[in-house]
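Visitor: Okay, sequence plus prediction incoming.
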Amino acid sequence: MSRFPDVSLVDVDETVLEQLLALAKRDASPDEVAPPLGGPGWNLERTAWFFSYHRAAAEGLTGDAAEKTWGILADGSLAGSIRLRRLTSGSAETGSGTAVAETGIWLGRSFRSRGIGSAAFRLVLSEARNAGVTRVTARTLTGNLGAQRLLASAGAVLRPDDDGTVSAVVVL
Ligand SMILES: CC(C)(COP(=O)(O)OP(=O)(O)OC[C@H]1O[C@@H](n2cnc3c(N)ncnc32)[C@H](O)[C@@H]1OP(=O)(O)O)[C@@H](O)C(=O)NCCC(=O)NCCS
């Protein structure tokens, strides 16, 4: 009988950081995890970005980076990562005078389509709520149906943009 995995979020310390990079290298596309820096694959530039990005986010939403990243644990295994970044102000898209944060998520391929992404997303919405955020935004590609289903199931309003992306807003 299938069951939903037990999903929790963990802080990204140096051990989790090494494990996340190993997971990303063996079980994800580099472009799902990091910006397209320095050419294909996990070149030096992309790897350096990965370390400095997560380390800068270690201080959390109130730190200089205004961002927090977590490792996603599923039944005790590291499955991927999710992030939350506080935006300075609302936009036309989200409304002014609101506390807005954006999110993004990736899972290792072998962890996908088992409800882990949806569970991690619910946990990050709860973190956002606790931090006083009132709207969470995300952006994904038009062809990324899994991400769009995940966002819609969490109550996001989706809007296709004319650059091949879809923007999503969850009102908390
Ligand atoms: C997008 C991603 C996070 C989704 O996480 P997941 O654990 O696979 O998703 P879930 O199993 O929780 O499923 C969420 C919903 O999407 C649907 N879904 C999952 N994979 C799908 C796919 N490949 N195609 C269509 N629908 C899909 C599920 O049926 C579910 O729908 P429901 O809520 O209506 O039942 C994961 O696939 C991933 O890491 N992809 C690569 C990185 C990425 O695209 N990140 C998102 C950028 S914003």
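Guide: Looks like it came in fine. Numbering: from 1, shown residues only.
Visitor: of all of this protein, which residue lies closest to the ligand?
Guide: Across the chain, the shortest distance to the ligand (Cβ to the nearest ligand atom) belongs to Gly117, at 2.2 Å. C-beta here means a position set from N, CA and C on the backbone, and glycine is covered the same way.
Visitor: other SSEs contacting the helix or strand containing that residue?
Guide: Taking DSSP states H and E as the definition, Gly117 sits inside helix 116-130. The helices and strands touching helix 116-130, judged by 3 or more Cβ pairs under 8 Å, 6 or more residues apart in numbering; DSSP states H and E, are strand 7-11, strand 67-74, strand 77-86, strand 100-107, strand 135-141, helix 145-153.
Visitor: how many other residues sit next to the nearest residue to Leu44 once chain neighbours are set aside?
Guide: Counting by Cβ to Cβ, 6 or more residues apart in numbering, Gly38 is the residue found nearest to Leu44 once chain neighbours are left out, at 6.7 Å. Each residue near Gly38 was counted by other Cβ atoms under 10 Å, and the total is 15.
Visitor: Isn't Glu59 up against Arg86?
Guide: No. Look at Glu59 against Arg86 with Cβ atoms under 8 Å: they stay out of range, at 11.9 Å.
Visitor: These two: which is more packed in?
Guide: More crowded of Glu59 and Arg86, by other Cβ under 10 Å: Arg86, with 20 against 13.
Visitor: Count residues in the vicinity of the closest residue to Ser8 other than its chain neighbours, would you?
Guide: Distance criterion Cβ to Cβ, 6+ apart; nearest residue to Ser8, sequence neighbours excluded, is Leu73 at 4.9 Å. Other residues near Leu73 number 19, with proximity taken as other Cβ under 10 Å.
Visitor: Run through the bridge partners of Leu73.
Guide: Ser8, Leu78 (DSSP bridges).
Visitor: mind listing what it touches?
Guide: 7-10, 79 (Cβ atoms under 8 Å, 6 or more residues apart in numbering).
Visitor: Who wins on neighbours among these?
Guide: Result: Ala79 is most packed of those (other Cβ under 10 Å), 25 neighbours.
Visitor: Pull up the gap between that residue and Leu61, please.
Guide: 23 Å (Cβ to Cβ, to the nearest Å).
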